[in-house]
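# pasting a predicted model and its sequence here:
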Number of protein chains: 6
Amino acid sequence: MTSKLTHLDESGTARMVDVGGKTPARRTAVAGGSIAMSDEALQAIREGSVKKGDVLATARIAGIMAAKKTGELVPLCHPLPIDAVNVDFTFEHGSIHATATASIEAKTGVEMEAITAVSVALITIYDMAKALDKGMVIGGIRLIAKDGGKSGRWRAAGHEDLEL
Amino acid sequence: MTSKLTHLDESGTARMVDVGGKTPARRTAVAGGSIAMSDEALQAIREGSVKKGDVLATARIAGIMAAKKTGELVPLCHPLPIDAVNVDFTFEHGSIHATATASIEAKTGVEMEAITAVSVALITIYDMAKALDKGMVIGGIRLIAKDGGKSGRWRAAGHEDLEL
Amino acid sequence: MTSKLTHLDESGTARMVDVGGKTPARRTAVAGGSIAMSDEALQAIREGSVKKGDVLATARIAGIMAAKKTGELVPLCHPLPIDAVNVDFTFEHGSIHATATASIEAKTGVEMEAITAVSVALITIYDMAKALDKGMVIGGIRLIAKDGGKSGRWRAAGHEDLEL
Amino acid sequence: MTSKLTHLDESGTARMVDVGGKTPARRTAVAGGSIAMSDEALQAIREGSVKKGDVLATARIAGIMAAKKTGELVPLCHPLPIDAVNVDFTFEHGSIHATATASIEAKTGVEMEAITAVSVALITIYDMAKALDKGMVIGGIRLIAKDGGKSGRWRAAGHEDLEL
Amino acid sequence: MTSKLTHLDESGTARMVDVGGKTPARRTAVAGGSIAMSDEALQAIREGSVKKGDVLATARIAGIMAAKKTGELVPLCHPLPIDAVNVDFTFEHGSIHATATASIEAKTGVEMEAITAVSVALITIYDMAKALDKGMVIGGIRLIAKDGGKSGRWRAAGHEDLEL
Amino acid sequence: MTSKLTHLDESGTARMVDVGGKTPARRTAVAGGSIAMSDEALQAIREGSVKKGDVLATARIAGIMAAKKTGELVPLCHPLPIDAVNVDFTFEHGSIHATATASIEAKTGVEMEAITAVSVALITIYDMAKALDKGMVIGGIRLIAKDGGKSGRWRAAGHEDLEL
């Protein structure tokens, strides 16, 4: 029996999937996630953000730079010269939500780049607010949408109508 | 009014906190998080893990290596020569839980190293299982416990009795 | 005759200076530099800066992160766990001036960290404004002041009275 | 009013420009810069250079390696698999001049790679000579010429006739 | 007389070879090497390997991740978005043998990626076993086979019939 | 039965050894290795070396820079702010021999830094000469001597009298 996991070969050994036979195609992926925090911390970031935007600007840059490091962080990911990656934030009740969109013309997709961007952006917010609230929780990190490639269009539940 | 955020100065500009005046002390931090997935994906990882351990072994190494890159990923974090960082996994109902423990003798703590290790370990599991389940969700990433330093002992709710 | 360059040994071969015999001490360094540009580019950055601060916020983060990479960029530099590094900007007539301050308690100084932070911050401004003005010139990158270590206090001409 | 800066969107938020719609083309960029120093330092490097070439050889390698890290250093730069980058030096009166040439076949240009190579090469010279002269000044870092891409041929003032 | 070394120009200066004029082609390279050690160390790794596979799993991941860093480690190597790289181990009498296979569709080959993967995988085994045996020797690191590109098929002596 | 391998815990899981309880001490390590090549390749490097020293200068810098990345390359190595690392070469009959010496004042040793420096220096020579000789073999990479720390003085067979 061979493994169902593409990154394990028949003997269960970790493998980098060979994408040599794939055709380059335009691919886009969107990922999201959020960080829940106390009102005090949320208020401090919101104020910092109104003043000079530095908290979220720092988290945004951290997310973008991390996306470019995905192949260095995730062992079996391919190093990809991405065309673009961007990160946006929205304030929600009791949390900040981050969304990252990555795109490329390549043999493999950019889901991991989008997920990495969201994760590191949220970790950066944690870092900047941890003196106010050590109990913050990062969660809901997931793929929201992807287009392109052999597996084509995919949408997370609740985002079926989203067009990229 | 000065900002309550230690990483913003009085004008709202992002700052790396100067730890020059702090005394080096033994510090430890534990962080946790989990990835929820379909039974099929969970089963495949569990089998892969029984066979040669490569899925979780790969995620563990990714987490450890990411912890050593925390100062490179999180813009205002100090680069820290950590004494140790390790990552463990437990299978739960419908998810895999990761715990990371980091320690150092330094002027500043290793909470961010533990959180980064957990996050990248979980992202790596996502990468290896995404062909089976694109709807996996990473969540519950948070600090569980920390000891040492000026702010001293801290425990997340529900972990008050945990001794490191 | 031995070379006067500390990084070359008597045969002219590049050497990393052994700092093993030195005593750790508090050390601080300040570096400065500027980027000259057209009024149009300067105005666009100033407006972008007023709006959300993103141009200079991005350059500031780039400079801070580069300082942490100094030992990776400059071949014979020691890797240093710096206590702090920060970057500030001032608008001048026809240019933007950047100043970086780095500090550490270590066996060797942080001049290179300060100079690297200033350089990469200015390069990042160039990158963000190059669509408006390809003729921008980065210049005047130099050490302004340093304190601590065996060679002790040093000030650039014109900054003799600066106290860190 | 939208920003004139391509890296800021209409709300002033930092953006990585999406190059997905661009056509790959051969692109070349040349950048230059120099470091001014005392006669003593200049002489020491010149001698070191005559002997075994290690000062400038080290700076050249540092510049080449930094060019390959441009996408990692400059937050909104695209990671680019460059075809070539090289760095040359000339001794001038009271200074050393560095020139870097980078080329690629890609959707976006290599100006930043050339500028980064020059900057880090000069910083490396600073590092190797700073024991002799702390007052060295790095300056005149700028784009000299670029060919290829939508914006096509561009030359700095005084270099209008330069052919790459 | 010009140098026979492609990485030195006619004046003996180190050069990154410009691959701009080359045509992208599918290229594959295989490298091998081994680490000799005491029976005790070999036995410990074999047991650790039987139990959870962690020694060789760790070395395999280290090799794969290092291959992706080849352009960052080897100064005049081109940064390459490789399609795949994998590492395998076999136990031999008194040693462990590592083989790495890398592939890409690019203007230049992946020999260096395969050699780097083998080297770092073996260094990682050394690290994990050095408490048992400080006298281990890493050797026999060489290219075994390559296909594709202008220089085409090449096989090391003794591997003439190997098909990739 | 617990594993004899310090990097595996009792269940066979890979571990970063916690050095928190160790006392910082001055530590030095020397590693060596060589690359065997054809007379033609050896001659070309020797000539390149006589002319401007660029082949070995490049390999030396690559080795030094790789030593600083050891904690990033070898998964369970501690990141160490080394005091010094240097690389030397000697021409032998049919090969070039590399020696690296690393030193630090830390809780753990620098054997891996010295071995990594030697390995990457030799890989870099391979890269620069591979157009002349694809059959080069890198071998004999091993620890030659170490001083300091709990395990104290150690010498490879044949180097018992070497003093660092």
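Ah, there it is. Numbers count the residues shown, from 1 in each chain, chains lettered A, B, ... in the order given.

# and the helices in chain A?
Along chain A, the stretches classed as helices by DSSP state H are A:39-51, A:54-67, A:70-73, A:111-129.

# can you tell me which of those the model trusts least?
Here the lowest mean pLDDT among those goes to helix A:39-51, at a mean of 83.

# does chain D sit close to that helix?
No. Helix A:39-51 stays clear of chain D (C-beta under 8 Å from any C-beta of the partner chain), getting no nearer than 11.2 Å. C-beta here means a position set from N, CA and C on the backbone, and glycine is covered the same way.

# which residues sit against that helix?
Residues from elsewhere that reach helix A:39-51 (C-beta atoms under 8 Å, 6 or more residues apart in numbering or on different chains): A:54-56, A:91, A:94-96, A:125, A:128-129, A:132-133, A:136, B:3-5, B:8, B:11-12.

# kindly report the same for stretch A:57-65.
Under C-beta under 8 Å, 6+ apart, the answer for stretch A:57-65 is A:85-89, A:98, A:100, A:117-118, A:120-125, A:128, B:7, B:14, B:73-76, C:52-54, C:57-58, C:61-62, C:65, D:13-14, D:16, D:72, D:75-76.

# output that stretch as CSV - backbone C-alpha positions only.
Only the C-alpha atoms of stretch A:57-65 are listed here, as CSV (Å, rounded to 0.1, in the frame of the first residue of the first chain):
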residue,chain,number,x,y,z
ALA,A,57,2.5,48.1,9.0
THR,A,58,5.1,46.1,10.8
ALA,A,59,3.0,42.9,10.8
ARG,A,60,2.2,43.4,7.2
ILE,A,61,5.9,43.6,6.2
ALA,A,62,6.7,40.6,8.4
GLY,A,63,4.0,38.6,6.6
ILE,A,64,5.2,39.6,3.2
MET,A,65,8.8,38.9,4.0
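
# can you give me how far that stretch is from the chain middle?
How far stretch A:57-65 lies from its chain's middle: 11 Å, per C-alpha atoms, centre = their mean, to the nearest Å.

# center of chain A, which residue is that?
The centroid of chain A falls nearest to residue A:115 when counting by C-alpha atoms, centre = their mean (2.1 Å).

# who touches it in this structure?
So residue A:115 contacts A:31, A:100, A:141, A:142, A:143, B:123, B:126, B:138 (C-beta under 8 Å, 6+ apart).

# look up how far chain E lies from the closest residue to the last one other than its chain neighbours.
So that's residue B:138. Leaving aside its chain neighbours, residue B:138 sits nearest to residue A:141 (4.0 Å; criterion: C-beta to C-beta, 6 or more residues apart in numbering or on different chains). As judged by C-beta to the nearest C-beta, to the nearest Å, residue A:141 and chain E stand 23 Å apart.

# check contacts around residue A:141.
A:31, A:32, A:33, A:115, A:118, A:119, A:122, B:137, B:138, B:139, B:141.

# where's it relative to chain D, distance?
Distance check for residue A:141 against chain D: by C-beta to the nearest C-beta, it reads 20 Å.

# how many neighbouring residues does the nearest residue to residue A:105 once chain neighbours are set aside have?
In space, and not counting its chain neighbours, residue A:105 is closest to residue A:26: 5.1 Å by C-beta to C-beta, 6+ apart. By the criterion of other C-beta atoms under 10 Å in any protein chain shown, residue A:26 has 14 neighbours.

# hmm, residue A:103 and residue A:26 touching each other?
Yes. Between residue A:26 and residue A:103 there is a contact at 7.1 Å, judged by C-beta atoms under 8 Å.

# find residues that contact each of these two.
residue D:20.

# name the residues that touch stretch A:102-110?
Outside stretch A:102-110, the residues that touch it by C-beta under 8 Å, 6+ apart are A:17, A:19-20, A:22-29, A:67, A:78, A:80-85, A:113-114, A:117, A:146, A:148-149, A:151, D:18, D:20, E:81, E:83.

# which among those residues end up buried?
Burial by neighbour count, 16 or more other C-beta atoms under 10 Å in any protein chain shown: within those this picks out A:17, A:19, A:25, A:27-29, A:67, A:78, A:80-85, A:113-114, A:117, A:146, A:148-149, D:18, E:81, E:83.

# and chain B, which of these reach it?
By C-beta under 8 Å from any C-beta, the members of the buried ones among the contacts of stretch A:102-110 lying near chain B are residue A:146.

# need the contact list for the residue of chain A found nearest chain F.
Nearest residue of chain A to chain F: residue A:72, at 9.1 Å (C-beta to the nearest C-beta). Neighbour list for residue A:72: A:79, E:65, E:68, E:69 [criterion: C-beta under 8 Å, 6+ apart].

# again, only this time at 6 Å
Residues in contact with residue A:72 (C-beta atoms under 6 Å, 6 or more residues apart in numbering or on different chains): none are found.

# still on that earlier bit, I'd like the contacts of residue A:115 as CSV, with distance to residue B:46 appended.
Listed next are the contacts of residue A:115 as CSV, based on distance: C-beta to C-beta, whole Å:
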residue, distance to residue B:46
A:31, 25
A:100, 30
A:141, 22
A:142, 21
A:143, 22
B:123, 19
B:126, 16
B:138, 18
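
# which one of the residues you listed is nearest chain D?
Nearest to chain D among the contacts of residue A:115, with distances taken as C-beta to the nearest C-beta, is residue A:100, at 10.8 Å.

# the closest one and residue A:116 touch, don't they?
No. Using C-beta atoms under 6 Å, residue A:100 makes no contact with residue A:116, being 8.2 Å away.
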